[in-house]
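Participant: sequence? don't have it. structure:
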């Protein structure tokens with residue numbers, strides 16, 4: 001599967017599955033059109049499980065929206081059949097052990113302090129912002145690329161050309177089966193504010209090349225920059241500041257793992273306190 005993924009120009013699940021099916025015809029294994037007992041295509045089912053195990057092994061990214069991406073470890077790894085089968089056996093054994101442990105003891109974590117919850121929220125937003133501001137420029141561009149892919153853009157590419165008027169990449173946004181348009185984006189790994197001159201320069205670079213642009217920053221935008229982005233008669237530019245960027249990472253669960261906490265509902269217990 002890693003070979004199939006490396007050979008695909010797209011990161012969609014259907015393309016990787018198709019490439020894997022083509023390879024599977026050269027080796028022994030289930031025919032791509034055979035079905036499981038539940039009626040699901042057997043090959044598609046096995047590709048999904050293979051992706052699951054490769055993700056657990058740290059070779060594929062753990063996207064929940066059908067975006068396939070190799071990790072650094074995945075790019076440097078070539079698996080033999082025996083090594084792939086070892087991964088399968090290892091994770092099956094791990095899950096069996098976890099089920100036994102869960103059956104013997106269950107723990108419930110209760111977080112009753114509102115102040116502590118607020119502190120946790122502040123801490124993770126501050127931490128992830130610090131991480132993003134310390135990424136190398138190329139790394140922040142790749143993060144923006146992944147963000148746009150997860151948000152529904154297709155054919156997202158990073159150009160990274162310093163002489164391209166500040167344009168760092170482009171992608172396609174499909175509105176419906178009949179309408180799509182090209183979007184250019186610029187990445188600003190800032191700790192301060194993006195000024196209106198940057199917005200104007202970006203719009204100038206967009207001229208004749210796209211109908212819409214996006215500026216993504218780890219900083220903020222001045223009020224003048226926001227007005228410039230929505231100036232009448234000019235192509236609109238979407239502005240994604242640090243707060244909106246973190247909100248998107250939360251929504252897409254990129255770089256952030258959701259955790260459930262609990263707050264004590266004292267009103268619920270009130271009726272039981274009366275003697």
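Facilitator: Cool, got the structure. Owing to the predicted nature of the structure, the values given are computational and were not obtained by experimental measurement. Numbering: from 1, shown residues only.

Participant: name the residues that touch stretch 238-245?
Facilitator: Residues from elsewhere that reach stretch 238-245, judged by C-beta atoms under 8 Å, 6 or more residues apart in numbering: 129, 132, 147, 194, 199, 212-221, 225-226, 229, 248. Every C-beta, even on glycine, is put in place using the N, C-alpha and C of the backbone.

Participant: go again with 10 Å.
Facilitator: Outside stretch 238-245, the residues within contact range by C-beta atoms under 10 Å, 6 or more residues apart in numbering are 125, 128-129, 132-133, 143-144, 147, 183, 185, 187-188, 190-191, 193-194, 199, 212-221, 225-226, 228-230, 247-248.

Participant: what bits of the stretch 1-150 of the chain have low per-residue confidence?
Facilitator: 1-33, 35-40, 62-66, 102-122 (pLDDT under 70).

Participant: can you show me the helices along it?
Facilitator: Counting by DSSP state H, counting those that start in this stretch, the stretch 1-150 of the chain has helices at residues 2-6, 13-24, 42-56, 72-75, 81-104, 114-133, 137-150.

Participant: buried stuff in the shortest one?
Facilitator: By neighbour count, with 16 or more other C-beta atoms under 10 Å as the criterion, the buried positions of helix 72-75 are residue 74.

Participant: now do that helix: which elements does it pack against?
Facilitator: helix 2-6 (3 or more C-beta pairs under 10 Å, 6 or more residues apart in numbering; DSSP states H and E).

Participant: ok, 7 Å please
Facilitator: Packing contacts for helix 72-75, counted by 3 or more C-beta pairs under 7 Å, 6 or more residues apart in numbering; DSSP states H and E, involve no helix or strand.

Participant: picking up where we left off before, now the buried members of the contacts of stretch 238-245.
Facilitator: Listed as buried from the contacts of stretch 238-245 are 125, 128-129, 132, 143-144, 147, 183, 185, 187-188, 190, 193-194, 199, 213-221, 225-226, 228-229, 248; burial here means 16+ other C-beta under 10 Å.
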